[in-house]
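Q: 3D, please:
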Amino acid sequence: MIEEAVQLEGFLPISYRTAEEEQYVRFLWEAFHDNCASGKNQFAFLAYHMLTMCFVYFNIWQIKQIRPDQFATALIGFNKDMERDLLAATSPFTFHVVNESNVMRFLKLIQCDNGKIGTYTKLVKDRNDTAHSNGNIFFSTEAELAAKIRETLRVVAEIQSHSEAIIVDGYKGFLLDSADPDERQHIDARDQVREVLIHEGYMSLSDLDFCAKFDIAEFEGHPYYAEIEALHAEVKGWVDTEEALAA
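A: Numbering: from 1, shown residues only. Below you'll find the model as predicted:
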């Protein structure tokens, strides 16, 4: 079960902007593993659900960064204070202020329909059921927890598949903005990919896989096409290395 559960790592950022963010995610993984080891499956699920919501927050953050106008439009219906706070947000974890069921509706921006969003919010209901003192012990067996983890991973993979277009849009922007080595943040292509694309963009290995599969041939006429090729080669190399380490 543990081997299956850690597949979620591939959907979470490779690098975090702050040590506190990284520490928080590591804490949740430790809580998951410790509770699994002691047979506290209900609490293991709570930790796993929180990790899953981190994935959702990072996904919405990427929408905010890559398609800010669409994100702003999606705030219609929020009160003015929350709209202001979400527009000014500097961290994906800001989205915790939104009810978890409601935050799922941001996924309509990546073409997740109401039916799918209803399925996603069921995970929130399941979490709420297990988090209250209602006298019930949920997931009393490892098999029950494993089934819930498989369901969660299916939802995560489905949401991620809907993210491909927006991730590729962001990647194309990164390549164009980074093409001129004299104008970008880092002269070395490897540093530019690591610090700007991956670190600042909260990119996961799954996100990078979308980028690596993008056909850069549409930029062949660009005056800095050789640099675009170098950047793209770094991304593909990163994916190959990470996948080899995970194998």
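Q: In terms of helices and strands, where is the nearest residue to residue 87 once chain neighbours are set aside?
A: Leaving aside its sequence neighbours, residue 87 sits nearest to residue 72 (C-beta to C-beta, 6 or more residues apart in numbering; 6.4 Å). To be clear about C-beta, it is placed using only N, CA and C from the backbone, and glycine gets the same treatment. Element membership for residue 72 (DSSP states H and E) is helix 68-73.
Q: From the chain's centroid, how far away is that helix?
A: Computed by C-alpha atoms, centre = their mean, to the nearest Å, the chain-centroid distance of helix 68-73 equals 18 Å.
Q: swap in stretch 94-103?
A: That offset, for stretch 94-103, works out to 15 Å (C-alpha atoms, centre = their mean).
Q: do stretch 175-190 as well
A: 25 Å.
Q: So what touches that stretch?
A: For stretch 175-190, the surrounding residues in contact (C-beta atoms under 8 Å, 6 or more residues apart in numbering) are 192, 195-197, 216, 219, 222-225, 227-228, 230-234.
Q: Check the average confidence over that stretch, would you?
A: Regarding stretch 175-190, the rounded mean pLDDT is 94.
Q: Output it as CSV, nothing but the C-alphas.
A: Extracted C-alpha coordinates of stretch 175-190, given in CSV (Å, rounded to 0.1, in the frame of the first residue of the first chain):
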residue,chain,number,x,y,z
LEU,A,175,10.8,29.3,-22.9
LEU,A,176,10.1,32.6,-24.7
ASP,A,177,10.9,34.7,-21.6
SER,A,178,14.1,32.8,-21.0
ALA,A,179,15.4,32.6,-24.6
ASP,A,180,17.8,35.5,-24.4
PRO,A,181,20.5,34.6,-21.9
ASP,A,182,21.4,38.2,-21.4
GLU,A,183,17.8,39.1,-20.3
ARG,A,184,16.8,36.1,-18.2
GLN,A,185,17.5,35.6,-14.5
HIS,A,186,20.3,33.0,-14.9
ILE,A,187,22.8,32.7,-17.8
ASP,A,188,23.1,29.0,-17.4
ALA,A,189,20.2,27.1,-18.9
ARG,A,190,20.3,24.5,-16.1
